[in-house]
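Visitor: Provide a 3D model corresponding to the input given below.
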Amino acid sequence: MTAGCAAAGLAILLAACGPAIGGTSGSSGSAAANSDGGTTATYAMAPGGQAGYPFPFIDLSVGQWDTVYNIDDFQYLLYRPLYWFGSGVQPYLNPKLSLAERPQYKGNEVIIRLKQNYKWSDGEPVDAADVVFWLNMMANQGDNGVYWSQTGLPGDVDNVRAVSKYVVTMDITTPKFSETWFTNNELSEITPMPLAWDRTASGKSNCDIEVASCGAVYNYLNAQSSKNASTIASSQLWSVVDGPWKIQSMNAIGNVTLAFNPKYSGPVAPGHITKFIELPFTSEAAEFDVLQDPTGNQTIDVGYLPTVDAQSPPAGANVGPNARTLSSYRLLSVYPWEISYFPYNFDNQTGQAPIFDQLYFREAFQSLVDQEGVINGPLHGYGKPTIGPVSAYPVTEYLSAKVAAAGDRWTLNISGAKTILQDHGWQVTPNGTDTCIHPGTGAGECGAHIAAGTKLQFTLEYAIGIDWMESASRELESNASLAGIKLTLDPLPFSTVVTNAFNCLANPKKPCTWQLAEWGSWTYSPDYLPTGDELFEGTAPNNAGQYNNPRNNQLIKDTLTARTQPQFLHAMYNWENYLAGQLPVVYMPNTPQLMEVIDGLDIGPQNSALSITPEDWRYLK
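Guide: Numbering: from 1, shown residues only. Next up, the predicted model:
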């Protein structure tokens, strides 16, 4: 989905007042190892998340699997990406866990040198041919791929070749490009694939050397990855891994058991767990019930605490005291590298698109969102307001000082929202429905293509199962009504909201009728550089609302073509300063993941890029 969607956290802002990851203990004393002697850890996925599609190449037809739950919590455990990002708080390139050394750039040539110690579980090396295999498939699938971008892979490279066993080179066709962008948002997408997969139902194929062969290979692998879960678990295809884990069992509702891959050649903590169980939950309440009752049929070693059940953190602290009912757990607070928002549908075909096109309306609507109220209310003090298209928390060099200094420019202002609408041709009817009484494009008029009598009434689809999002949606509905905007709430499963929002991109010839859709947030993964080319550019594959602004598009292109790092940051800030004020989406609070970890289980520092490494988890004796 959208490369990186997460329910209320798939996928942040402001403050250099301490690390983004902190913890507080539940009970003191050593923790008891689990019943099998401390070799198994059970991980409760964030509510609404589900794993189940192992093939690490996703096109729009299966875009519902392009989530942090399926990729970071599942695929990356089996199949390592070429470059790993995130080391504790910072979402930067992590050379230690990458399959290749940092890329080298010679003019427009990119040189990738793979480390020679990694092997597939069938004994074959992870080598240059495996990288070319993935790139050839992307070239074949083109704009069907969820990571496709008009300005990016695969159209901006040619002459992709394995020049030796462990070296891949390619030529970037764009005369000017940012090396930072190419590494962080292009090469970051690649997951090498074993040549054991280069086949169709009829037998071996040649996708690793011939792009034309890749369509049939993709169709075969996609079909194999879409079979029922028990078939996937027993498949010889998916048993070939280069990551630290292999599928032991799984079912259709997302229960997954992974076994450690003894042939994994990457770094692993001594005394690590050898079995990793993932449990899906449809709601925060259901997960919290299991956390509070460890004597039940299910037990959880690592899970998530709903913010509505959390005790507020003291001033300056990352976490507050743990819930009394969770005395055997310690609480961690992890702010992911993401922004939280929900999109307008600028391609809506039921009459709302011309309204969404008006910047004054977006300013008025944003003024009805009480980010601070949500943070201090249902989020119990956890969260940071979103202030633009770049996350300001955790702190990175990508955030414009101007945007950071401005902060949240659209704090709750119902009277201000009413004034804006009145000044632009609307008859404002608090607790009723506003009506356009002055159509036209001049001063004091409603704007282009908005007819007299048009009503301000919209439907907001939002993902169920997240208590704070439910509260925030109801509050927005109430605030909007006070300004005469009738907002109808439509609670739906997370997967349904995402599918509805992105189906318009996958099926452009079908009527596009959704109006507002909230699933939670956008996590910068696997494109870790927040340049906007896959989220806010007019033709971006994950631009669900199809926002399209020529100046914005050009400023994004400027970030992609700024060759040196100073030039890149200058272009980045120019773009960010502009788009922050354009409100292409409705900004919502960024929320941390509140992780409950059973006493005695060491999971190490968690990654703001949301990748997990359970091969490093171990029970302390």
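
Visitor: now the helices: where do they sit in the stretch 151-300 of the chain?
Guide: Here the stretch 151-300 of the chain has its helices, by DSSP state H, counting those that start in this stretch, at 179-181, 214-225, 229-234, 284-292.

Visitor: What sits closest to residue 219 if chain neighbours are left out?
Guide: The shortest distance from residue 219 to any non-neighbouring residue, by Cβ to Cβ, 6 or more residues apart in numbering, is to residue 200 (7.7 Å). For the C-beta atoms, the positions are set from N, CA and C on the backbone; glycine is no exception.

Visitor: isn't the one you found right up against residue 217?
Guide: Yes: under the criterion of Cβ atoms under 8 Å, residue 200 makes contact with residue 217 at 5.9 Å.

Visitor: now residue 597: how far from residue 289?
Guide: Going from residue 597 to residue 289 by Cβ to Cβ, to the nearest Å gives 18 Å.

Visitor: With neighbour numbers in mind, choose between those two.
Guide: Neighbours were counted for residue 597 and for residue 289 using other Cβ atoms under 10 Å; residue 597 has more, 23 against 13.

Visitor: what does the helix or strand containing the more buried one rub up against?
Guide: Assigned by DSSP states H and E, residue 597 belongs to strand 593-598. Here strand 593-598 makes contact (Cβ atoms under 8 Å, 6 or more residues apart in numbering) with 9, 23, 26, 31, 46, 291, 300-307, 310, 319, 322, 326, 328-336, 382, 603, 606.

Visitor: What does the closest residue to residue 591 other than its chain neighbours show for phi and psi?
Guide: Leaving aside its chain neighbours, residue 591 sits nearest to residue 383 (4.8 Å; criterion: Cβ to Cβ, 6+ apart). Dihedral pair for residue 383: phi 130, psi 160, per degrees, to the nearest 10.

Visitor: quick check, distance from the strand holding residue 597 to the centre of its chain.
Guide: Mean-position distance between strand 593-598 and its chain equals 19 Å (Cα atoms, centre = their mean, to the nearest Å).

Visitor: pLDDT averaged over the helix or strand following it - what is it?
Guide: Following strand 593-598 in sequence order, the next helix or strand is strand 601-602 (DSSP H and E). Mean per-residue pLDDT for strand 601-602: 95.

Visitor: Point out the other helices and strands that strand 601-602 packs with.
Guide: Using 3 or more Cβ pairs under 8 Å, 6 or more residues apart in numbering; DSSP states H and E, the elements in contact with strand 601-602 are strand 618-619.

Visitor: Neighbouring strands - and their directions - for the strand it packs on?
Guide: Using DSSP bridges, the strands paired with strand 618-619 are strand 601-602 (antiparallel).

Visitor: Just the residues contacting the partner strand, thanks.
Guide: Residues contacting strand 601-602 (Cβ under 8 Å, 6+ apart): 31, 41, 301-302, 617-620.

Visitor: Switch these over to TSV; also include distance to residue 315, pLDDT and neighbour count.
Guide: Shown next, in TSV, are the contacts of strand 601-602 (distance: Cβ to Cβ, whole Å; pLDDT from 0 to 100; neighbours: other Cβ atoms under 10 Å):
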residue	distance to residue 315	pLDDT	neighbour count
31	30	36	21
41	34	96	24
301	31	95	24
302	28	95	22
617	32	96	21
618	34	95	22
619	34	95	23
620	31	90	12
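
Visitor: which of these sit farthest apart?
Guide: Taking Cβ to Cβ, the two most distant members of the contacts of strand 601-602 are 302 and 620; they sit 14.6 Å apart.

Visitor: Who are the contact partners of residue 354?
Guide: 447-450.

Visitor: at 10 Å what do you get?
Guide: With contact set as Cβ atoms under 10 Å, 6 or more residues apart in numbering, residue 354 has these partners: 346, 348, 361, 446-451, 454.

Visitor: for residue 312, same thing?
Guide: Going by Cβ under 10 Å, 6+ apart, residue 312 touches 319-321, 376, 379-382.

Visitor: Let's see that with 7 Å instead.
Guide: 320, 380-381 (Cβ atoms under 7 Å, 6 or more residues apart in numbering).

Visitor: Would you mind checking which of those is nearest to residue 227?
Guide: Nearest member of those to residue 227, counting by Cβ to Cβ, is residue 380, at 42.6 Å.

Visitor: What about the residue nearest to residue 591, how many residues nearby?
Guide: Neighbours around residue 383, by other Cβ under 10 Å: 26.

Visitor: Equivalent analysis for the one 3 residues further on, please.
Guide: Residues lying near residue 386 (other Cβ under 10 Å) number 28.

Visitor: my guess is it meets residue 590, correct?
Guide: Yes: using Cβ atoms under 7 Å, residue 386 is in contact with residue 590, at 5.6 Å.

Visitor: buried ones in the one helix or strand residue 559 maps to?
Guide: In this assignment (DSSP H and E), residue 559 forms part of helix 550-561. Buried residues in helix 550-561, counted by 16 or more other Cβ atoms under 10 Å: 552-553, 555-561.

Visitor: and which of those is nearest residue 261?
Guide: Nearest to residue 261 among the buried residues of helix 550-561: residue 560, at 37.2 Å, using Cβ to Cβ.

Visitor: my guess is that closest one contacts residue 178, does it?
Guide: Yes: the pair residue 560 / residue 178 is scored as a contact, 5.7 Å apart, by Cβ under 7 Å.

Visitor: Just the closest of the buried residues of helix 550-561 to residue 122, please.
Guide: Of the buried residues of helix 550-561, the one sitting nearest to residue 122 (Cβ to Cβ) turns out to be residue 560, at 38.4 Å.

Visitor: roughly how far apart are the closest one and residue 553?
Guide: To residue 553, residue 560 is 11 Å away according to Cβ to Cβ.

Visitor: Next: residue 357.
Guide: 16 Å.

Visitor: cool, and residue 402?
Guide: Taken as Cβ to Cβ, the span from residue 402 to residue 553 is 21 Å.

Visitor: swap in residue 155?
Guide: As for residue 155, its distance to residue 553 is 16 Å (criterion: Cβ to Cβ).

Visitor: Summarise which helices and strands the strand or helix carrying residue 502 is packed against.
Guide: Taking DSSP H and E as the criterion, residue 502 maps to helix 494-506. Where contact means 3 or more Cβ pairs under 7 Å, 6 or more residues apart in numbering; DSSP states H and E, helix 494-506 is packed against strand 457-463, strand 516-518.

Visitor: Tell me which of the ones you listed sits most buried.
Guide: Across the helices and strands packed on helix 494-506, averaging neighbours per residue (mean count of other Cβ atoms under 10 Å) puts strand 516-518 on top, at a mean of 25.

Visitor: How about residue 358, nearest residue that isn't a chain neighbour?
Guide: residue 447 (4.4 Å).

Visitor: isn't that neighbour right up against residue 362?
Guide: No: with contact defined as Cβ under 7 Å, residue 447 does not count as touching residue 362 (11.4 Å).

Visitor: Could you report the neighbour count for residue 443?
Guide: For residue 443, using other Cβ under 10 Å, the count is 9.

Visitor: circling back to that earlier point, any chance of the buried residues of helix 550-561 in JSON lines with distance to residue 140 and pLDDT as columns?
Guide: Below are these laid out as JSON lines (distance: Cβ to Cβ, whole Å; pLDDT from 0 to 100):
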{"residue": "552", "distance to residue 140": "30", "pLDDT": "97"}
{"residue": "553", "distance to residue 140": "27", "pLDDT": "96"}
{"residue": "555", "distance to residue 140": "31", "pLDDT": "97"}
{"residue": "556", "distance to residue 140": "26", "pLDDT": "94"}
{"residue": "557", "distance to residue 140": "26", "pLDDT": "92"}
{"residue": "558", "distance to residue 140": "30", "pLDDT": "94"}
{"residue": "559", "distance to residue 140": "28", "pLDDT": "93"}
{"residue": "560", "distance to residue 140": "24", "pLDDT": "91"}
{"residue": "561", "distance to residue 140": "27", "pLDDT": "90"}
